[in-house]
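Enquirer: Build me a model from this:
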Amino acid sequence: MNSSTHKQNTNLHKTLVFLAGSTLFLAMIQVTLGAIVRVTDSGLACPDWPLCYGKLIPEFDFNILMEYTHRLSASLLMLTIFSTTFISYKILKHNKIAIFATTGASITVICAAIFGGITVISKLDWWSVPSHLALAEILILFLSILNTAIWFGDFNNHSIWKNLHIKHRVMLSTTLLSIFILIVYGAIMVAKGYGSSCGTWPLCNGELIPTRLPMIINASHRFLTLVVLDMYYESINGKNILGYGAGEGLHRIFSFFKDEPIVGGYVNSLYLLSIGFLFEFFDDKKNKMKYIIFLISFFF
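Expert: Below is the predicted model:
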């Protein structure tokens, strides 16, 4: 390789580092703008897609500006991802993880754009918004992997990933998956209109056992948040929220089940939510069904 080619590749690598980092930042900004669009009720400010009121540049008010900015940001994000992919294929073709991540990001951003249009066309149907958000979070995952691969190289025997113990890898992967599920579940809860069904904390509208489906879903999201927080805390510190160690091997993931104070709180919370759901299910049935459920739960 002559000096001019080496210099060109060096410049391309610097450009790639900048582009990949900027793309990840833009993806996070895009998710934030999406949240702003939702809370300001601007999702249908432009009732058509990809144009806005049939125009490339519409007349603006606040809501149209929010939705239009979200769309422009998505276009810029797509452009930077495609540019990053092009350079990655040019100079990182031997880095399999980088190629996998940038290809996944390119496919995901196209799917996210399509679902953005579906979200508008379906008039913000409840399933479309969480699906759009899920794709955005998957995109951030791909871009995070890409940046890691660019900085630390392929995931070979000398990489930071390979040097992690198997228990750390499983713990990290499980925690990330749990956070993803928590975010999407929260989006579904809000899309269904259950976001404010529990108006008090830590009890749900003063009830220890929620008896209506909206409150049960809201309370279960709180329960899941507690579990994810425990896993996240443990993945960083090696101990759970109460300070108990995890022991050896894969016990690290489920160590809180070994601690009686925590397992009591977790299992009983889930138990109470389940009983509340059954009471809701049999609300219009004969009262004797409720007594049967109560007696079975009491003995077990």
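Enquirer: packing partners for the helix or strand harbouring Gly21?
Expert: Assigned by DSSP states H and E, Gly21 belongs to helix 3-39. Secondary-structure packing of helix 3-39 (3 or more Cβ pairs under 8 Å, 6 or more residues apart in numbering; DSSP states H and E): helix 62-91, helix 128-152. For every residue, glycine as well, the C-beta is placed using N, CA and C.
Enquirer: If I average pLDDT within each of those, which one is lowest?
Expert: In terms of mean pLDDT, the lowest-scoring of the helices and strands packed on helix 3-39 is helix 128-152 (a mean of 90).
Enquirer: mind listing what's buried in that one?
Expert: Neighbour-count burial for helix 128-152 flags 128-150 (criterion: 16 or more other Cβ atoms under 10 Å).
Enquirer: angle of the following helix or strand past that helix against helix 128-152?
Expert: Using DSSP H and E, the helix or strand that follows helix 128-152 towards the C-terminus is helix 166-191. Angle, helix 166-191 to helix 128-152, by axes from the mean of the first three to the mean of the last three Cα atoms, to 10 degrees: 150 degrees.
Enquirer: what's the distance between Ile140 and Val31?
Expert: Taking Cβ to Cβ, to the nearest Å as the criterion, Ile140 is separated from Val31 by 7 Å.
Enquirer: cool, and Ser42?
Expert: From Ser42 to Val31 the distance is 15 Å (Cβ to Cβ).
Enquirer: Looking at these two, which one has more neighbours?
Expert: Ser42 (21 against 16; other Cβ atoms under 10 Å).
Enquirer: OK, contacts around the spatially closest residue to Ala187 that is not a sequence neighbour?
Expert: Nearest in space to Ala187, with sequence neighbours left out and distances taken as Cβ to Cβ, 6 or more residues apart in numbering, is Pro130 at 4.0 Å. Applying Cβ atoms under 8 Å, 6 or more residues apart in numbering to Pro130 gives the contacts Val184, Ala187, Ile188, Ala191.
Enquirer: how is this protein carved up into domains?
Expert: 3-156, 186-299 (automatic domain parsing).
Enquirer: Nearest to Ser178 among those domains would be which one?
Expert: The closest of these to Ser178 is domain 186-299. By Cβ to Cβ, the value is 4.7 Å.
Enquirer: so where is the stretch 201-300 of the chain shaky, pLDDT-wise?
Expert: Confidence mapping of the stretch 201-300 of the chain against pLDDT under 70 gives the ranges 235-300.
Enquirer: before we move on, back to that, most packed of the domains of the chain?
Expert: Counting by mean count of other Cβ atoms under 10 Å, domain 3-156 has the highest mean neighbour count of the domains of the chain, with a mean of 17.
Enquirer: Ala149 contacts Gly104, doesn't it?
Expert: No - here Ala149 lies out of contact with Gly104, judged by Cβ atoms under 8 Å, at a distance of 11.7 Å.
Enquirer: Please enumerate the shared neighbours of those two.
Expert: Shared contacts of Ala149 and Gly104, defined by Cβ under 8 Å, 6+ apart, are absent.
Enquirer: Give me the distance between the closest residue to Ile216 other than its chain neighbours and Leu12.
Expert: Spatial nearest neighbour of Ile216, chain neighbours left out: Pro210 (4.8 Å); criterion: Cβ to Cβ, 6+ apart. Per Cβ to Cβ, Pro210 is found 57 Å from Leu12.
Enquirer: cool, and Phe100?
Expert: Counting by Cβ to Cβ, the gap from Phe100 to Leu12 is 20 Å.
Enquirer: Also Phe115?
Expert: Applying Cβ to Cβ, the value for Phe115 to Leu12 is 32 Å.
Enquirer: Return the backbone torsion pair for the residue lying closest to Lys123 once chain neighbours are set aside.
Expert: Excluding its sequence neighbours, the residue lying closest to Lys123 (Cβ to Cβ, 6+ apart) is Leu44, at 6.6 Å. Dihedral pair for Leu44: phi -110, psi 20, per degrees, to the nearest 10.
Enquirer: so what pLDDT did Leu44 get?
Expert: On pLDDT, Leu44 comes in at 90.
Enquirer: need the contact list for Val190.
Expert: Shown in contact with Val190 (Cβ under 8 Å, 6+ apart): Arg38.
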